[in-house]
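Colleague: Any chance you can model this:
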Amino acid sequence: MKRIVYILLLVMLTSTAFAQTDEKADFSATCSTGQVLHYKIIDYGEVNVWYNSQNPELLGGYIKVPRTVKYNDQNFVVTGIADEAFANCIRIQGVELPTTMFFIGDRAFYRCTDLRIIEMPKTLTYIGTSAFEGCTSLVDVVMPHSVNEMGTYAFKDCVNVRHFVISHSLAEIPEGTFMNCTSVTDYLIPATVTVFGCHAFDGYDQLKSVTFFGPVPPQPDCEPAFGREIPIYVTRQNFPAYKASYIWGQYTIREM
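Modeller: Coordinates of the predicted model:
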């Protein structure tokens, strides 16, 4: 009996997932850089960029997402990138997001393997789970300081990123955020960050140092947050707190 119930539940969940995936965009429009983007009306006067459910490999080049789009003689403000909107669009090389946008959905740019440039606006507050996972051509990522929350694995497997600018508004770096970002040489951790999720920094082949600006040593959910051979830099006034920390005291702590 339990097995039957489990199978029925699994079928229901699968059906729901496919129903969400098959949901149609409300309209499409050509942006200034020449690509046809799809949109979903989410509120009066607001739309999200919707996913390209057919032939995602055909969408390519540099895309400038507009601030507003017109449909049925009404102007809509573009406020977000929906879940999986550009997932597996392997020919996209660059994306500029408008200053009307405040969120990037889950897996929004998942495995956009040719994506080299992402220009995020200062209005952005949320980056979703696995939003840029597998974007193997990204080189540098500047996260606006308006971003105050991220989902897990946001930049996992971004193997060519050399440097991340981490938002000064984040309190937590979630699980797997920079996992397998093997080309990063240093991390500068803002004073606002107090928690690291498990595996947030796993896979750090080129990592040379980590710098903490917070007076209170961050609490990692798992040990170690970094390899203990990686030197940790802190300010002189914060040095005693890190040296006395049960976790960070086991690392090589150096003054900046």
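Colleague: Ala131 belongs to a strand, doesn't it?
Modeller: No: secondary structure of Ala131 (DSSP: H, G, I helix; E, B strand; the rest coil): coil, not part of a strand.
Colleague: Check the offset of stretch 220-237 from the chain's centre.
Modeller: 23 Å (Cα atoms, centre = their mean, to the nearest Å).
Colleague: Name the residues of stretch 190-199 that come out as buried.
Modeller: 190, 192-193, 196-197, 199 (16 or more other Cβ atoms under 10 Å). Backbone N, C-alpha and C define where each C-beta goes, glycine included.
Colleague: Widest-spaced pair of the residues you listed?
Modeller: Using Cβ to Cβ, the pair of those lying farthest apart is Thr192 and His199, separated by 21.0 Å.
Colleague: if we can go back for a sec, same list (the buried residues of stretch 190-199) but as a markdown table, adding secondary structure.
Modeller: Converted to a markdown table, these look like this (three-state DSSP):
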| residue | secondary structure |
| --- | --- |
| Pro190 | coil |
| Thr192 | coil |
| Val193 | coil |
| Phe196 | strand |
| Gly197 | coil |
| His199 | coil |
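Colleague: Just put the residues you listed in CSV and tack on distance to Met120 and pLDDT.
Modeller: Formatted as CSV, the buried residues of stretch 190-199 follow (distance: Cβ to Cβ, whole Å; pLDDT from 0 to 100):
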residue, distance to Met120, pLDDT
Pro190, 16, 97
Thr192, 18, 97
Val193, 19, 97
Phe196, 22, 94
Gly197, 21, 95
His199, 24, 94
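Colleague: Could you list the low-pLDDT ranges of the chain?
Modeller: 1-22, 53-54 (pLDDT under 70).
Colleague: again, only using 50
Modeller: Scanning the chain for pLDDT under 50 picks out 1-21.
Colleague: From the centroid of it, which residue is nearest?
Modeller: Most central in the chain under Cα atoms, centre = their mean is Ala154, positioned 3.5 Å from the mean C-alpha point.
Colleague: What spatial separation is found between that residue and Glu23?
Modeller: Distance, Ala154 to Glu23, by Cβ to Cβ, to the nearest Å: 24 Å.
Colleague: Please apply the same query to Ile253.
Modeller: Ile253 sits at a distance of 51 Å from Glu23 (criterion: Cβ to Cβ).
Colleague: Compare neighbour counts for the two and give me the winner.
Modeller: Ile253 (21 against 13; other Cβ atoms under 10 Å).
Colleague: what about His38, how many neighbours?
Modeller: By other Cβ under 10 Å, neighbour count at His38 equals 21.
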